[in-house]
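**Q** Here's a sequence, model it:
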Amino acid sequence: MHYSILHLSDLHRDLTDEIPNAWLIDSIERDVQNLAKEKPAVEPPTLCVVSGDLIYGVHPTAPDAEGELRRQNAQALEFLIELTDRLFKGHRDRLVLIPGNHDVAYTRVKASSAAVPMPKNPAEKGALVREYFSANTKLRWSWSELSFHRIVDTDIYQSRLSHFCELYERFYQGRRTYSLEPESQFDLFDFPEEKLSILALNSCLNNDPWRRAGR
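**A** Below is the predicted model of the structure:
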């Protein structure tokens, strides 16, 4: 069986010069049409994988940061709906959606943390650095503030993907939901006609703007 998969990633826009959704989708459609003219021809996509970074994100000190996050997510949702309408006749189950590090809300990370005073004692400094580099540490380092922060509220910290979760449920019209619990942040997409299954895993475990490495 022959089929093609459209893979998109890093949909976030340059906030100083945002490209409209229609322009992006027009460009994708032209690519699909041009690829169909190649020899050998590339078939129109049977399904699409969008592997994260739907939005650019917002610094927690920005004016109305939560409102801006909602605006960016609404823009991304409109893009995904229009994309499936044009390429897959509105069948949203043809699209596999995964979060990326930009989809983490910096505002929630900041709200979940407390500043850690820098100790003067060398031994205490060393202990703090060892804690920072330990596995599953709750300690974070802010380069902009040149200071340590510790995650003290796990519930608020885990809500850093709440905007993505809301977008996810709205896009799939309630047929799929995305959990805030790390152990449940995966989804299985089954395509029996293509004899294909895709397991979508979240690489944003313990990931945030103060800790760029995910797991």
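
**Q** Identify the bridge partners of residue 147.
**A** For residue 147, the residues forming beta bridges with it (DSSP bridges) are residue 142.

**Q** What degree of burial does it show, as a neighbour count?
**A** Residues near residue 147, counting by other C-beta atoms under 10 Å, number 13. The C-beta positions use only the backbone N, C-alpha and C, and glycine is treated the same way.

**Q** now swap in residue 191 and tell me
**A** Applying other C-beta under 10 Å, we find 16 other residues in the vicinity of residue 191.

**Q** nearest spatial neighbour of it, skipping sequence neighbours?
**A** Take residue 191 and drop its neighbours on the chain: the residue closest to it by C-beta to C-beta, 6 or more residues apart in numbering is residue 47, 6.4 Å away.

**Q** Check whether the one you found sits in a helix, strand or coil.
**A** Secondary structure for residue 47, judged by DSSP: H, G, I helix; E, B strand; the rest coil, is strand.

**Q** Please give the number of neighbouring residues around it.
**A** Residue 47: 21 surrounding residues under other C-beta under 10 Å.

**Q** Distance-wise, check it relative to residue 83.
**A** 12 Å (C-beta to C-beta, to the nearest Å).

**Q** Equivalent analysis for residue 116, please.
**A** From residue 116 over to residue 83 the distance is 44 Å, taken as C-beta to C-beta.

**Q** between these two, which one's more packed in?
**A** Shown here are residue 116 and residue 83; by other C-beta under 10 Å, residue 83 has more neighbours (23 against 17).

**Q** element containing the more buried one?
**A** Using DSSP states H and E, residue 83 maps to helix 65-88.

**Q** what's in contact with the helix or strand just after that helix?
**A** Per DSSP H and E, the first helix or strand lying C-terminal to helix 65-88 is strand 95-98. Residues from elsewhere that reach strand 95-98 (C-beta atoms under 8 Å, 6 or more residues apart in numbering): 47-52, 80, 83-84, 88, 168, 171, 189, 198, 200-202.
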